[in-house]
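Colleague: can't give you the sequence, but here's the structure:
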C-alpha cells in the first residue's frame, strides 16, 4: 500500500516536473550534487537516493512553506573540477535553494569557492578531516574529534592498547587525521617509538610486507592496534592478508574509519569479523527512529536487502534540519536559513538529539562496532552523550587557537582566540 | 606477576572437577538446557558469566557448542528456548543440533536469532576450548592447547599443567608444557633469582611471541641479575628471529616476483616476440579474473575445485579474445606501432566499459578455495601464506610449459621463425597470418591464466588490468625484449628489490625508486638484461 502511494507520489512529482515548467517559481528547488558515475558512484548514488527519498517524504507532508519541493539531480562523474562546474550550474541556471552533495574532501574543496562566490548553501554528509568551516556549508558528517579521537580513546581505555599503527591511503583525509592522532597520542604519553605510520597508494593490493611489519610491531610485548584510514578497494586485500598471516582481531584489532555497511555488503566478511569501525551511526542500532528509517528506505528502493549507513544518516539529519530552518525562517533565502540553522535540533537515528552548533558542525553520539559475519556491526562502545563537532582540531599547533562561530558578533569561520582576529578568509 | 582472577579460578577448578568426573556424567546436556536458554536471551556483555557456568558443569562434550559459538554459527530458537547450529554445505544452509548432529529440517531462517559474540568472548572461548583440550587424546591438539594458553598463564592453569607435565609422554607436548612452566617460573618474583635465571635461559631457545613479551617485561624487573639474563635471552631470540625475518622478506619478494612474472609473461610473447605494443594486455588479465568469477557463480557448491575449471576457461576466453583482436585490428595495422598502440588502448577502454556494463562497476567477490587459504607455519616467527606459495609454484609451472611450447612444438618453431625473419618464413611456406593470430592468442590466453591467479590476491574489478599493465611493460623492457628468461629474471629481481626497499622507504617511495632504477638501467643498457644477439636482434 505504502509503496503504491510512494510511487504515485514520485510519478506525480515527476509529472509536475515535466508538465509544469512555468510553475517552477512555485517550487523549492533542492540540488543533488553526487557522482552517479565513475569511482565514487558506488558510495554516492546511495546518498542521491536518500535525498530523493527525503524530498518525497517532505512533499507527502505538504512540502515546505506551502510549496512543493523539487529535486534537481546532476552528475559530477567523480571528476573533481566538474563539481565546481556542476555546482555553478545548479546555483545559476537551476537556481536551487540548497545543495546536498559531495563525498571526497577534494570535491568539497572544489565546489567551495563557487558556493562562497554565489552565496549558495550546501550540506556535506561525510566524515572528513576538519580544518575547515565555511559560512555556506553545513558539515553533518563527523569531524576528527567525533570519530578518530573517541576510537583511539576506546582502544587505550577499554582494550588497553599501548602501541598504534596508523595506516592510511596516501591523500589528504588520512594524512590530516593521522597528524591529529599522532599529536593526540603523544599528548597522552605514547612514545614516538610506539607509533608506526604507514601510507599506501590508492588501490594497494600487495600487503604482505606491511602486514608482516605490523605483526612484528605488535609482537614486542605491548598490546597493539591498527587505526586504519585505508580507503575503498584496498581494504579487502588488507584484511585478507591479515587473516592469511594469522593475525586475528583479538591479537591486533583494526579500527577503520572508512569501512561501513555499504562497503561490507557483497563482500566476503569472514576475514574481517571482530575488527572494529567507528561511526556515528550503525544500521544495527535498535531505536524506533532507525527502524522507521530503514523501513522507509527499503520501501523507497523496493529492495529489502539495501543497507543503510552513516553518511545516509548525516544526509537525513541535514535534510530535516534544513526543512525546519526554512520553516522557521519563513523563506529559503540563504542568509536567513543559515542563521535559522544554528541551534536546530533533530533526533538522531541512534538515540539522543543532534544539535547544529555555531561552527556549522553537529553534536552527535560516537559509536564503535565490531564487524559481524553478516556485514553488520555489533555496537561495543558508545559515548555517554553527544560530542560536539570541532572544526579546528585542538591537537594541531596550527589550528588549536582557532574556533569557528557563525553567530554575531564573531561571524567568522577561523577566529583566532589569542589574537582575537578573524584571519580574513571566508574559510 | 600475572593477575589471577577469581573467575578463572572457579572456571578451572570446576573444569578440573569436570575432567575427573568425566566418566560418571553421562547425561550432561540435560542440565545445560536452562543455561543455553539463558545464553540465547543474554546481551553480549552478560554472556561471559553464563559461559563460565556452562564450562563449569561440562566436559569435552561441550566443545562443539563452544566451537560453533566461536565461529558465529550458533543460533537461538526463541519459541523453543533452544540453541541450534547453522551450517552450510555446498551453498545450502541447514540447521543441526550441535551435540547430536541431528539435522533439524523444520526450521526456517526467520525462526532463529543469531547469538552474536565479540572479541572478548572470542578470546574467552578460545581459552576455554584450550583448557578443555589439554587432556585431549591427540598430541597435536594438546600441543596447540598449551600454546594457546601461553598468553593467559594464571595460577590455576599452571597448576593443571604441573599436574599433567610428569605424565605427558609426547615429547612435543612435553616441551610446550615445559616452556609454559618455565615462563611461570621466570615470572615469579618471590622465587630465588637462580631458579628464575635458569628458566630464562630455557626460554631463550623459544621463538614464541608470548615468551618475548614476558622477557620484555622482565627487563624491567627489580633483580639486576634477572634483568641481564632477560636481555641476553632477548638478544639471542632477536638474532634467530632476524634470520627468519630475512627469509620471510625473501619470500615476499619471490611472491611479488611471481605475480609480476604471470602478468608480464603473456606480454613477453606479444610484445617481445611479435613486437606489438598491446595496451589491452591488462584487460586480458581482467577477463581471466572475471572468468574465474563466472565459473564460481556457475558452480557455487564446488568452490574448492572451481579454480581447476577456471584456468582452462580463462585461457580460452582471453585467448579467443586475443585472436579476435589480432584478426580484426592488429593484423591490419602491421608495421605501424603507433597506430597499434592507440588502437589497443582504445580496445582496452572498450573492454573495461563492457565489463562495467555487464557486471556493474562494483568489484566482484571471488572466494578463495579452502585449500588455498591460511598459512604454512614453520615456526612462530616464520609462516608462509599458502595462496602465495601456490601462485609462486603456478607461475613457475606456466613459465616452464611456455618455454617447452616455444622450443619443442611445431607452433613454437613457427613463432620463432616468424619473429626472426618474417619474409624468409613466408618464403618457406609458413602461414604468417595464422602464426600471428596463434601467437597473440597464446600471449592473451596466458594473461587470462594470470587473471585467475590474481583474482585470489586482489580485487576483481574493471580496473584490475590497469594496475598491472605498467608493471608488465617494466618487467619486459627490463628483462630484454624477446627473451623469456630475461622476463623471469627481471620479474623476480624487481619483486625482491621492491620488497626489500618497502620496509625502509614505504610502499609509495619503493615503487618510485624501482621505476627510477629501471630508467637509469635502460639508459645504460637499452636492450635490457638479456639483449637478443646475432641476426635475430634486428
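Modeller: Received the coordinates, thanks. The shown structure was predicted, so the numbers you read here are calculated from the model rather than taken from an experiment.
Colleague: Can you tell me the number of residues neighbouring residue 56?
Modeller: In the absence of a named chain, this looks at chain A. 20 (other CB atoms under 10 Å in any protein chain shown). The C-beta positions use only the backbone N, C-alpha and C, and glycine is treated the same way.
Colleague: Chain B is the one I meant
Modeller: Residue B:56 has 16 nearby residues by other CB under 10 Å.
Colleague: and if you look at residue A:344?
Modeller: The tally of other residues near residue A:344 (other CB under 10 Å) stands at 20.
Colleague: How about the contacts made by it?
Modeller: Going by CB atoms under 8 Å, 6 or more residues apart in numbering or on different chains, residue A:344 touches A:321, A:324-325, A:328, A:355-356.
Colleague: So what does it look like in phi/psi?
Modeller: In terms of degrees, to the nearest 10, the main-chain angles of residue A:344 are phi -60, psi 150.
Colleague: same check, this time on the one 4 residues further on
Modeller: Here the main-chain torsion angles of residue A:348 (degrees, to the nearest 10) amount to phi -70, psi 160.
Colleague: And for residue A:68?
Modeller: Main-chain torsions, residue A:68, degrees, to the nearest 10: phi -80, psi 150.
Colleague: Tell me the bridge partners for it.
Modeller: residue A:27 (DSSP bridges).
Colleague: For residue A:151, see how far away residue A:277 is.
Modeller: Noted for residue A:277: a distance of 9 Å to residue A:151, by CB to CB, to the nearest Å.
Colleague: Burial check on residue 308, number of neighbours?
Modeller: As the question left the chain open, I've gone with chain A. By other CB under 10 Å, 24 other residues sit near residue A:308.
Colleague: should've been chain B
Modeller: Quick note: residue B:308 (other CB under 10 Å) scores 13 neighbours.
Colleague: Do you know the pLDDT at it?
Modeller: According to the prediction, residue B:308 has pLDDT 92.
Colleague: distance of it from chain A?
Modeller: Relative to chain A, residue B:308 is positioned 20 Å away (CB to the nearest CB, to the nearest Å).
Colleague: how about the nearest residue to residue B:133, chain neighbours excluded?
Modeller: residue B:145 (3.9 Å; CB to CB, 6 or more residues apart in numbering or on different chains).
Colleague: what about the one you found, neighbour count?
Modeller: Close neighbours of residue B:145, defined as other CB under 10 Å, add up to 22.
Colleague: Mind listing what's buried along the helix or strand containing it?
Modeller: Per DSSP states H and E, residue B:145 falls inside helix B:139-149. Residues B:141-149 are the ones in helix B:139-149 that count as buried (16 or more other CB atoms under 10 Å in any protein chain shown).
Colleague: mind giving me JSON lines with these and columns for pLDDT?
Modeller: Shown next, in JSON lines, are the buried residues of helix B:139-149 (pLDDT from 0 to 100):
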{"residue": "B:141", "pLDDT": "84"}
{"residue": "B:142", "pLDDT": "84"}
{"residue": "B:143", "pLDDT": "83"}
{"residue": "B:144", "pLDDT": "83"}
{"residue": "B:145", "pLDDT": "84"}
{"residue": "B:146", "pLDDT": "84"}
{"residue": "B:147", "pLDDT": "82"}
{"residue": "B:148", "pLDDT": "80"}
{"residue": "B:149", "pLDDT": "82"}
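Colleague: out of the residues you listed, who's nearest residue B:493?
Modeller: Nearest to residue B:493 out of the buried residues of helix B:139-149 is residue B:147 (CB to CB; 38.2 Å).
Colleague: Provide the secondary structure category for the residue lying closest to that closest one once chain neighbours are set aside.
Modeller: In space, and not counting its chain neighbours, residue B:147 is closest to residue B:176: 5.8 Å by CB to CB, 6+ apart. Here residue B:176 is helix, with the state taken from DSSP: H, G, I helix; E, B strand; the rest coil.
Colleague: so residue B:176 touches residue B:141, yeah?
Modeller: No: taking CB atoms under 8 Å as the definition, residue B:176 is not a contact partner of residue B:141, at 11.8 Å.
Colleague: For the stretch 1-150 of chain B, which residues score under the pLDDT cut-off?
Modeller: For the stretch 1-150 of chain B, the stretches flagged by pLDDT under 70 are B:1-31, B:58, B:90-91.
Colleague: Would you mind naming what in it lies close to chain A?
Modeller: B:44, B:72, B:114, B:116, B:118-119, B:122-123, B:126 (CB under 8 Å from any CB of the partner chain).
Colleague: which among these end up buried?
Modeller: The neighbour-count test (16+ other CB under 10 Å) marks B:44, B:72, B:116, B:118-119, B:122-123, B:126 as buried among the residues of the stretch 1-150 of chain B next to chain A.
Colleague: Would you mind giving me the confidence score for residue 285?
Modeller: Went with chain A since none was named. At residue A:285, pLDDT is 90.
Colleague: ah, no, chain B please
Modeller: At residue B:285, the model reports a pLDDT of 95.
Colleague: check contacts around it.
Modeller: By CB under 8 Å, 6+ apart, the residues touching residue B:285 are B:263, B:266, B:318, B:447-448, B:450-451, B:454, B:464-465, B:468.
Colleague: Then residue A:91?
Modeller: Applying CB under 8 Å, 6+ apart, the residues near residue A:91 are A:31, A:99, A:114-115, A:118, A:120.
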